[in-house]
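Novice: With the sequence up front, the predicted model follows.
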Amino acid sequence: MRQLILTTAALALSTGFAMADTVRLGTEGAYPPFNFLNDDGEVDGFERELGDELCARAELTCEWVTNDWDSIIPNLVSGNYDAIIAGMSITDEREEVIDFTQNYTQPDPSAYMVLAGNEGLDVTGAVIAAQTNTIQAAFVADMGAQLVEFATPDETISAVRSGEADAVLADKSYLAPIAEENADLSLLDRDELIGGGIGMGLRESDEELRETFDAAIQSMKDDGSLNALIEKWDVGETF
């Protein structure tokens, strides 16, 4: 039955996208382990494996497009690619502009990273760095701390090292490996649960495409292959 549902959704997509030979997947390519560029300059990571498998199950020809985070939604809406698969959490604010598939990760804890020796920081009165247009940036603004925003994740880390920010708030799965590999950085013993998990973002007009990817994600949940990818790339709790 699951295969029948997936095939039906794929046929519906072919009707809605009759002139489209390729579905373009937009990602940032700068947020490991979710997505990054490898030594060959190719998109790699959890979402590369996931996206390729979803396209295979849906019998779609897909290509990868990289785009800066701060314009990733506007460029989806304007048609520069057909879906976002870039570690984007599902939020009410974003759903006012685009549609989402069901989540393909659980809500991931967000963590604070500081300079080693500053583990006693009171974040409520601190200067917190976050990447622009992320759920972490919105969270910091709402909790009343002083927010400084940057276009890329690397810049938020640099802000902590330079003293421009006291801490950075980002996905724990992104920050934890950095803290482990750098003796001058440390995670606070405090996590924040923000958002509704990560999903693929699509234009509101592309209902057939959303249904197709929804069916493919569900099939990976059902057969355990999505959990296997989550564990391989260590991107949070399994389903």
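Specialist: Arrived safely.

Novice: so where's the chain shaky on pLDDT?
Specialist: Where the chain drops to pLDDT under 70, the residues are 1-20.

Novice: Quick check: buried residues in the longest strand that it contains?
Specialist: Using DSSP state E to define each element, the chain has its longest strand at strand 185-193. The neighbour-count check on strand 185-193 (16 or more other Cβ atoms under 10 Å) flags 185-188, 192 as buried. (C-beta placed from N, C-alpha, C; glycine too.)

Novice: Which single one of those is nearest to residue 60?
Specialist: residue 192 (35.5 Å; Cβ to Cβ).

Novice: I'd like the distance between the closest one and residue 155.
Specialist: Counting by Cβ to Cβ, to the nearest Å, the gap from residue 192 to residue 155 is 21 Å.

Novice: about what we covered before: which residues sit against the longest strand of the chain?
Specialist: For strand 185-193, the external contacting residues (Cβ atoms under 8 Å, 6 or more residues apart in numbering) are 107, 109-119, 121, 123, 136, 139, 157, 160-161, 167, 169, 172, 175-176, 178-179.

Novice: what do you get if the cut-off is 6 Å, keeping everything else the same?
Specialist: With contact meaning Cβ atoms under 6 Å, 6 or more residues apart in numbering, strand 185-193 is reached by 107, 109-114, 116, 119, 179.

Novice: Please identify the buried residues of whichever strand or helix holds residue 232?
Specialist: Applying DSSP states H and E as the criterion places residue 232 in helix 225-233. Residues of helix 225-233 classed as buried: 226, 229-230, 233 (neighbour count, 16+ other Cβ under 10 Å).

Novice: quick one: residue 83 and residue 203 touch, right?
Specialist: No: taking contacts as Cβ atoms under 6 Å, residue 83 lies outside contact range of residue 203: 8.6 Å.

Novice: neighbour-wise, which of those two wins?
Specialist: residue 83 (26 against 19; other Cβ atoms under 10 Å).

Novice: circling back: what pairs with the longest strand of the chain, parallel or antiparallel?
Specialist: Pairing partners of strand 185-193, with direction, according to DSSP bridges: strand 109-115 (antiparallel).

Novice: So which other helices or strands are in contact with the next helix or strand after the strand it pairs with?
Specialist: Later in the chain than strand 109-115, the nearest helix or strand by DSSP H and E is strand 127-131. The contact analysis (3 or more Cβ pairs under 6 Å, 6 or more residues apart in numbering; DSSP states H and E) places strand 127-131 against helix 135-143, strand 146-150, helix 153-162, strand 167-171.

Novice: which stretch among the ones you listed comes nearest residue 210?
Specialist: Of the helices and strands packed on strand 127-131, nearest to residue 210 by Cβ to Cβ is helix 135-143, at 20.8 Å.

Novice: For the closest one, name the packing helices and strands.
Specialist: Counting by 3+ Cβ pairs under 6 Å, 6+ apart, helix 135-143 packs on strand 127-131, strand 146-150, strand 167-171.

Novice: rerun that using 10 Å as the cut-off
Specialist: With contacts taken as 3 or more Cβ pairs under 10 Å, 6 or more residues apart in numbering; DSSP states H and E, helix 135-143 sits against helix 92-95, strand 109-115, strand 127-131, strand 146-150, strand 167-171, strand 185-193.

Novice: For that helix, buried residues please.
Specialist: Buried positions in helix 135-143, judged by neighbour count with 16+ other Cβ under 10 Å: 135-140.

Novice: Would you mind putting the residues you listed into CSV with distance to residue 91 alongside?
Specialist: Putting the buried residues of helix 135-143 into CSV (distance: Cβ to Cβ, whole Å) gives the following:
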residue, distance to residue 91
135, 6
136, 11
137, 11
138, 8
139, 10
140, 15
